[in-house]
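Novice: Provided below are the primary sequence and the corresponding predicted coordinates.
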Amino acid sequence: MNMEPATGKRPRTTVRSRGRRTSIADRISDLPDVILGEIISLLSIKDAARTQALASRWRHLWRTASLNLDFRGLPANHNGVLLDIILAAHEGLVHRLCLPARYLSDQAAAMEAWIQSPALDKLQELDFYLLGLPNTCVDLQSPPASIFRFSSTLRVATISMCSLLDYPVETLRFPQLRKFALVAVNISEDSLCHVINTCCPALECLLLRTNFNVHGVRINSPTLKSVGIHASVAELTIENAPSLERLLCLKMHMKMRVSVVSAPRLETLGYISHHEWGSKIMYGSTVIEGLCVDSLTTMVRTVKILAIHMNSNLDMTIVLGYYKGFQAQVDFVTFFVLNARSLESIQLVVDSRNYSREFVSGQREKLQIEKRASRGPNNKLVVQIVQCLLNVYIGKH
């Protein structure tokens, strides 16, 4: 594509300043065609088409620009017809395609024709979006095999409201896929683990939401940086994820167990909630059950953000075992001291070998307890540093 600015006379805008008329050159139109085409490709389909009205030079750019083709940007009564016309007449390619997930079953023939269009040969983003989540997987159909013809070029994909069978999944490979979401999909555990750990060697972001027939998920990925899960999964195990930075269980169902074996770069973990009775997050020797943390000795080495979900009106107590006064532990507790307005008490359990009056005095100063008290009677907080000997509390200060 030509990188040089197009020659010829540029449109100019005339403005009035202090009684004088001043002509200003159209600098945007001076940009090379390749940059203007990139600008058009970032716009919605409606706004991209409107660029033809800017100046005569923009007309040929629209005809050949890579399109962001989102079904939601087309008039509701004629979106299917317009999509046919655009795919047939447009001279350029489509880099992003967003279609309603229900069309995988309701409009299977039309979907097949759209997907086979040459305009989609180098598709980079595919999104089958949902307007509402189904309650069961009974009516979910297998998608047409043609939706996987973009596997070599896709970088972002959302697959929703369908049933993925084992055989076609086992043959898939997405060498460039960076972001992948499975929403309300019926898929087996083996197939899901194959998708995550084998067929997406460049995968960085993964979202699992309301998927069916999956009891446990095991992740072994050298590239994954972010995992979000909102599904009825009983066990999630991060066996080996050297690049993982964020692990967010957006909805922990009852008795869900999350185990992190190896994730040396993990910085964000959660969320934990008092609502999810019986659910556990295990990170090395650290076990978090509900809002009870047995120990932070392993987790605080890397985790900087611990996401917590709770009722803002809840009167609560935090109990932190095996407290040694490390700076990471001090920072963690100080955050609650200064910011948790509904918090009534904090209890820090200290091993008898580390316990002394000097230790208690120094920790109370480091935790800025007096700063919290200075804010007034409505910010009253009781901080207890207790001595533990053979798991029996024998002192309070």
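Specialist: Structure received.
Novice: drop to CA atoms for contacts and neighbour counts, all remaining ones
Specialist: OK.
Novice: In the protein, what residue spans correspond to helices?
Specialist: For the chain, the helices defined by DSSP state H occupy 33-41, 45-50, 56-64, 79-89, 103-106, 108-115, 166-170, 189-197, 327-339, 357-366, 369-373.
Novice: In CSV, list those helices along with mean neighbour count and mean pLDDT.
Specialist: Converted to CSV, those look like this (neighbours: other Cα atoms under 10 Å; pLDDT from 0 to 100):
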stretch, mean neighbour count, mean pLDDT
helix 33-41, 18, 82
helix 45-50, 16, 78
helix 56-64, 17, 77
helix 79-89, 14, 79
helix 103-106, 17, 80
helix 108-115, 16, 86
helix 166-170, 13, 83
helix 189-197, 19, 91
helix 327-339, 16, 82
helix 357-366, 14, 87
helix 369-373, 15, 73
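Novice: Need these in a markdown table (columns: distance to I159).
Specialist: Below are the helices of the chain laid out as a markdown table (distance: least, Cα to Cα, whole Å):
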| stretch | distance to I159 |
| --- | --- |
| helix 33-41 | 23 |
| helix 45-50 | 22 |
| helix 56-64 | 28 |
| helix 79-89 | 20 |
| helix 103-106 | 10 |
| helix 108-115 | 14 |
| helix 166-170 | 13 |
| helix 189-197 | 12 |
| helix 327-339 | 39 |
| helix 357-366 | 50 |
| helix 369-373 | 49 |
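Novice: Of all those, which one comes closest to S146?
Specialist: Closest to S146 of the helices of the chain, according to Cα to Cα: helix 108-115, at 6.8 Å.
Novice: now the closest one and helix 79-89, what's the angle there?
Specialist: Angle between the axes of helix 108-115 and helix 79-89 is 30 degrees (criterion: axes from the mean of the first three to the mean of the last three Cα atoms, to 10 degrees).
Novice: per-domain residue ranges of this protein.
Specialist: According to automatic domain parsing, the chain comprises the domains 27-65, 69-214.
Novice: In TSV, list those along with distance to A307.
Specialist: Below are the domains of the chain laid out as TSV (distance: least, Cα to Cα, whole Å):
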stretch	distance to A307
domain 27-65	33
domain 69-214	17
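Novice: how about these, which one is nearest E245?
Specialist: domain 69-214 (10.1 Å).
Novice: Quick one: distance of that closest one to the chain centre.
Specialist: Mean-position distance between domain 69-214 and its chain equals 18 Å (Cα atoms, centre = their mean, to the nearest Å).
Novice: okay, how far is it across that domain, tip to tip?
Specialist: 33 Å (Cα to Cα, to the nearest Å).
Novice: V260 reaches P242, doesn't it?
Specialist: No: taking contacts as Cα atoms under 8 Å, V260 lies outside contact range of P242: 11.3 Å.
Novice: ok, those two, which is more surrounded?
Specialist: The neighbour comparison of V260 against P242 (other Cα atoms under 10 Å) goes to V260, with 21 against 18.
Novice: Could you list which residues are in contact with the residue positioned nearest the centre of the chain?
Specialist: The centroid of the chain falls nearest to G228 when counting by Cα atoms, centre = their mean (5.8 Å). G228 makes contact with L206, L207, L208, L247, L248, C249, L250, according to Cα atoms under 8 Å, 6 or more residues apart in numbering.
Novice: list the contacts for the fifth one?
Specialist: Taking Cα under 8 Å, 6+ apart, we find L248 in contact with V227, G228, I229, T268, L269, G270, Y271.
Novice: Which members of the residues you listed are the farthest-apart pair?
Specialist: Largest pairwise distance in the contacts of L248, by Cα to Cα, is 13.7 Å, between I229 and T268.
Novice: Which one of the two is surrounded by more residues?
Specialist: Of the pair I229 and T268, I229 is the one with more neighbours under other Cα under 10 Å, namely 21 against 18.
Novice: wouldn't that one be in contact with C205 here?
Specialist: No: with contact defined as Cα under 8 Å, I229 does not count as touching C205 (11.2 Å).
Novice: Can you tell me the closest non-neighbouring residue to S191?
Specialist: Leaving aside its sequence neighbours, S191 sits nearest to D166 (Cα to Cα, 6 or more residues apart in numbering; 5.8 Å).
Novice: isn't the one you found right up against C193?
Specialist: No: when contacts are counted by Cα under 8 Å, D166 is not listed as touching C193 (11.3 Å).
Novice: if we can go back for a sec, mind picking the lowest-pLDDT entry from the contacts of G228?
Specialist: pLDDT across the contacts of G228 is lowest for L250, at 72.
Novice: Let me see the contact set for that one.
Specialist: Going by Cα under 8 Å, 6+ apart, the list of residues near L250 reads G228, I229, H230, G270, Y271.
Novice: Find the pair from those residues with maximum spatial separation.
Specialist: H230 and G270 (11.9 Å).
Novice: Can you work out which residues contact both of these two?
Specialist: Contact criterion Cα under 8 Å, 6+ apart; residues shared by H230 and G270: C249, L250.
Novice: Which of these two has more residues huddled nearby?
Specialist: Taking neighbours as other Cα under 10 Å, H230 and G270 compare with G270 leading, 21 against 17.
Novice: Which residue is the nearest non-sequential neighbour of that one?
Specialist: The shortest distance from G270 to any non-neighbouring residue, by Cα to Cα, 6+ apart, is to A307 (4.5 Å).
Novice: burial count for that neighbour?
Specialist: Residues near A307, counting by other Cα under 10 Å: 15.
Novice: how near is it to S342?
Specialist: To S342, A307 is 17 Å away according to Cα to Cα.
Novice: ok, S163 - contacts?
Specialist: When contacts are counted by Cα under 8 Å, 6+ apart, S163 touches C137, L140, Q141, S142, P143, V185, N186, I187.
Novice: Show me the two of those residues that sit farthest apart.
Specialist: C137 and P143 (13.8 Å).
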